[in-house]
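In: with the sequence up front, the predicted model follows.
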Amino acid sequence: MSTNHNPSDDSGVSRRGFLKGLGVGTVTTGVLSDASLHEAQAAQSGVKGPGETAVVLKVNGKNQQLNVEPRVTLLDALRNRLDLTGPKKVCDRGTCGACTVLVDGDPLYACLMLAIEAQGREITTVEGLGTPDKMNAVQEAFVERDAQQCGFCTPGFVTACSAFVRDNPNATTDGICKGLGGNLCRCGTYAGMLLAAADAAKKGGV
């Protein structure tokens, strides 16, 4: 009869299993501690996310309250949450200008600003510039000069142009080209847009 004694026969746990479990438990505790630490630091520093957070956006003169994830852009918040579809989502990387809105009166690509960053700012979309019954000078000029074809880029152009002619009432053709250089028209309706901008500039852009 063998005289060797295996401790695992009594406890049901081998030495290797015990040490392995101890290692996993230590690592898990470390991970949980790190996660708890990060959560505490985020709460203390005011970091938002990753879940939805409440934001208030002042759009076209009205405060709009909504819940969005911190990663949501101003463009997506306007289109998907507030149903303001004038700003178009085309390149989604700040190169075409189709999503142009006014932030505190200045033209800005809405796809490059987070919704949470826009809090406390005055946001104006093309819908806030005028209505079919009461258009601003740029909108009227675009209609009179037939300065659109497919119309997809038109809201961005109208928005950018409204800010430009407001600040440049005596703009030259070269000045208008440079001022609207951040917006692209795939239909190539630039001639009509230039004439519309020049007409609106003479009226003060309002």
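Out: Cool, the structure landed.
In: can you show me the helices along the chain?
Out: 8-11, 15-45, 74-76, 137-144, 154-167, 173-179, 190-202 (DSSP state H).
In: next up, the contacts around the closest residue to L195 other than its chain neighbours.
Out: Closest residue to L195 apart from its sequence neighbours, by Cβ to Cβ, 6 or more residues apart in numbering: R145 at 4.6 Å. Bear in mind the C-beta positions are built from the backbone N, C-alpha and C, glycine included. Applying Cβ atoms under 8 Å, 6 or more residues apart in numbering, we find R145 in contact with 192-193, 195-196, 199.
In: what score does R145 have for pLDDT?
Out: With respect to pLDDT, R145 has a value of 96.
In: determine the number of other residues adjacent to D83.
Out: Around D83 there are 8 other residues, counting by other Cβ atoms under 10 Å.
In: can you pull the phi/psi pair for the residue nearest to L195?
Out: phi -90, psi 0 (degrees, to the nearest 10).
In: I'd guessed V103 sits against Q119; true?
Out: No. V103 is beyond contact range of Q119, at 11.3 Å (criterion: Cβ atoms under 8 Å).
In: okay, the two: which has more neighbours?
Out: V103 (18 against 13).
In: what's near enough to touch that one?
Out: 113, 118, 121-123.
In: which members of these occur in strands, if any?
Out: 122-123 (DSSP state E).
In: neighbour-wise, which one of the contacts of V103 leads?
Out: I123 (26 neighbours).
In: quick check, that one in contact with D106.
Out: No. Under the criterion of Cβ under 8 Å, I123 is not in contact with D106, lying 11.0 Å apart.
In: on that earlier part again, tell me how far the residue nearest to L195 lies from Q65.
Out: 39 Å (Cβ to Cβ, to the nearest Å).
In: for stretch 69-80, buried residues please.
Out: Judged by neighbour count using 16 or more other Cβ atoms under 10 Å, the buried positions of stretch 69-80 are 70, 72-79.
In: next one: stretch 135-155
Out: In stretch 135-155, counting by 16+ other Cβ under 10 Å, buried: 136-142, 145, 147-148, 153-155.
In: centroid-nearest residue for the chain?
Out: T73 (2.2 Å; Cα atoms, centre = their mean).
In: now that one: how far from C91?
Out: Relative to C91, and taking Cβ to Cβ, T73 is found at 13 Å.
In: next: A115.
Out: For A115, the distance to C91 - Cβ to Cβ - is 19 Å.
In: these two: which has the busier surroundings?
Out: A count of neighbours by other Cβ under 10 Å puts A115 above the other of A115 and C91, at 25 against 14.
In: alright, that wraps it up for me.
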